[in-house]
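>>> Structure for this input, please:
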Amino acid sequence: MHALDSGELRKAHTQLRNMPTETPRTRTIYLVRHGESRFNVAIRRVNLYRMMRETDHGLSQRGAAQCRALRQAIARAADSADADALALSDAKRVTLGSPLCRAVLTAHLALPAADATSISCVPSAREHCMLPLLSRDSEGTTAPRILQHVASELEWLRLGDQPAPPPPQLDLSRVGDGKWWIVAESGAAVTARLGEMLREVVAIADAAADTAAAGEAAPKVVLVGHSQVMRRLFRQYSSATFASTPIGQRLATHTVANCAVVRVVLEDAAATASTEVAARPPPRVVDAALLFGTDFDTALSEEGSGHGHGHPAHVDSAFF
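Okay, the predicted model is just below:
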């Protein structure tokens with residue numbers, strides 16, 4: 001990313017003014033849906049063998065291409081002084097992700113490199129594993145094997161004779177050594193853990209803000225996750241005002257495309273900042289916007305390439 005000249009700096013300042021203004025009780029975060037997975041392809045083709053032959057499916061080749069395209073889009077936007085792109089390109093950015101392989105790979109391949117930050121795996125951000133056998137992409141990998149699984153997927157995804165990208169640095173301290181996913185998890189349990197996830201994300205954002213020097217913008221938090229839980233998050237944790245807006249209604253009922261980026265403003269409902277994280281009510285979504293030309297997933301992609309965008313936006317299933 002090149003140094004900005006005076007004209008670009010003025011443009012950046014204008015864009016910053018157009019971003020939602022944070023108050024002491026709001027935090028801006030970014031949600032990213034993972035790139036297309038092999039399970040997405042199998043679902044579209046109704047290929048039960050490929051759906052069930054493995055667990056914790058990685059990205060398809062098209063999914064990896066979607067990640068590269070998003071990374072390039074963010075870089076181009078940052079070169080044009082786009083405020084969101086600059087926030088995502090900040091070396092101090094905090095990167096969180098579901099421990100499922102497709103989310104870890106997307107965080108690694110789609111987001112701009114950050115200086116010394118690892119990807120912190122957050123089990124509460126995992127996808128809803130609704131049905132035995134038919135949700136095998138959401139049956140995870142235990143912590144001691146996650147990095148090995150990601151490295152083998154990167155090797156499979158490499159282009160031609162090009163070497164595979166080195167595996168990411170992962171912070172697995174929240175994952176533990178045992179099984180962190182639940183097969184046939186109830187909807188109520190998913191809603192509860194998403195509330196815990198939102199509380200944790202706000203606490204992480206607060207901690208990141210405390211590291212900013214006087215006059216500096218606080219580093220932003222980006223979370224890479226999944227379509228089913230993203231829809232449930234917007235259904236269950238949006239403010240009444242935002243839920244009534246066209247974008248609020250659509251985010252609650254439709255699926256965003258693979259590698260879509262959503263800027264989300266959360267309002268912390270805690271009485272004071274010193275309230276213990278576990279005792280805080282979950283924050284509420286008060287604003288959101290899709291970024292970098294990403295959109296909702298509105299139709300099946302053409303068959304024949306073997307790699308599609310996923311599934312129709314109206315399908316509400318645990319498979320994505």
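
>>> Is it correct that residue 90 is in contact with residue 220?
Yes: taking Cβ atoms under 8 Å as the definition, residue 90 is a contact partner of residue 220 at 6.8 Å. Backbone N, C-alpha and C define where each C-beta goes, glycine included.

>>> Mind giving me the packing neighbours of the helix or strand where residue 149 lies?
Assigned by DSSP states H and E, residue 149 belongs to helix 143-157. If contacts are counted by 3 or more Cβ pairs under 8 Å, 6 or more residues apart in numbering; DSSP states H and E, helix 143-157 sits against helix 101-110, strand 170-171.

>>> Quick one: mean pLDDT for the first one?
Summarised as a single mean, pLDDT over helix 101-110 is 97.

>>> what about whichever helix or strand comes after it, average pLDDT?
Sequence-wise, the next helix or strand downstream of helix 101-110 (DSSP H and E) is strand 119-121. Average pLDDT, strand 119-121: 96.

>>> quick one: low-confidence parts of the chain?
1-24, 115-117, 270-278, 299-320 (pLDDT under 70).

>>> all strands for it, in order.
Counting by DSSP state E, the segments of the chain that form strands are 26-33, 94-97, 119-121, 170-171, 221-225, 261-267, 284-291.

>>> Any chance of TSV for those, columns mean neighbour count and distance to residue 183?
Shown next, in TSV, are the strands of the chain (neighbours: other Cβ atoms under 10 Å; distance: least, Cβ to Cβ, whole Å):
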stretch	mean neighbour count	distance to residue 183
strand 26-33	23	22
strand 94-97	25	21
strand 119-121	24	19
strand 170-171	18	23
strand 221-225	26	19
strand 261-267	23	28
strand 284-291	19	28
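
>>> can you tell me which of the ones you listed comes nearest to residue 247?
strand 284-291 (6.1 Å; Cβ to Cβ).

>>> Mind listing residues that contact the closest one?
Contacts with strand 284-291, where a contact means Cβ atoms under 8 Å, 6 or more residues apart in numbering, come from 20, 26, 30, 84, 233-234, 237-239, 241-242, 247-248, 251, 256, 260-267, 269, 296.

>>> swap in stretch 139-147?
Contacts of stretch 139-147 (Cβ under 8 Å, 6+ apart): 55-56, 99-101, 104, 121, 126, 129, 149, 167, 170, 172, 175-181, 183.

>>> switch to 7 Å and redo it
Residues outside stretch 139-147 that contact it (Cβ atoms under 7 Å, 6 or more residues apart in numbering) are 55-56, 99-101, 126, 129, 149, 167, 170, 172, 175-181, 183.

>>> Mind checking which of those residues land in helices?
101, 149 (DSSP state H).

>>> out of everything not next to it in sequence, what's closest to residue 218?
residue 209 (3.7 Å; Cβ to Cβ, 6 or more residues apart in numbering).

>>> Please point out which parts of stretch 182-191 sit buried.
182, 185, 190, 191 (16 or more other Cβ atoms under 10 Å).

>>> swap that for stretch 155-162, please
By neighbour count on 16+ other Cβ under 10 Å, the buried set for stretch 155-162 is residue 157.

>>> how long is it end to end?
10 Å (Cα to Cα, to the nearest Å).

>>> ok, now stretch 93-111?
Stretch 93-111 has an end-to-end distance of 10 Å (criterion: Cα to Cα).

>>> how distant is that stretch from the center of its chain?
Distance of stretch 93-111 from its chain centroid, counting by Cα atoms, centre = their mean, to the nearest Å, is 7 Å.

>>> try stretch 90-104
Counting by Cα atoms, centre = their mean, stretch 90-104 comes out at 7 Å from the chain centroid.

>>> So in this protein, which helix runs the longest?
helix 187-210.

>>> Can you give me the buried ones in it?
190-191, 193-195, 197-205, 208-209.

>>> quick one: which of those residues is nearest residue 135?
residue 190 (12.2 Å).

>>> Just list the residues touching that closest one, thanks.
So residue 190 contacts 128, 229, 232 (Cβ under 7 Å, 6+ apart).

>>> let's see 10 Å
Going by Cβ atoms under 10 Å, 6 or more residues apart in numbering, residue 190 touches 124, 126-130, 182, 228-229, 232-233, 236, 318.
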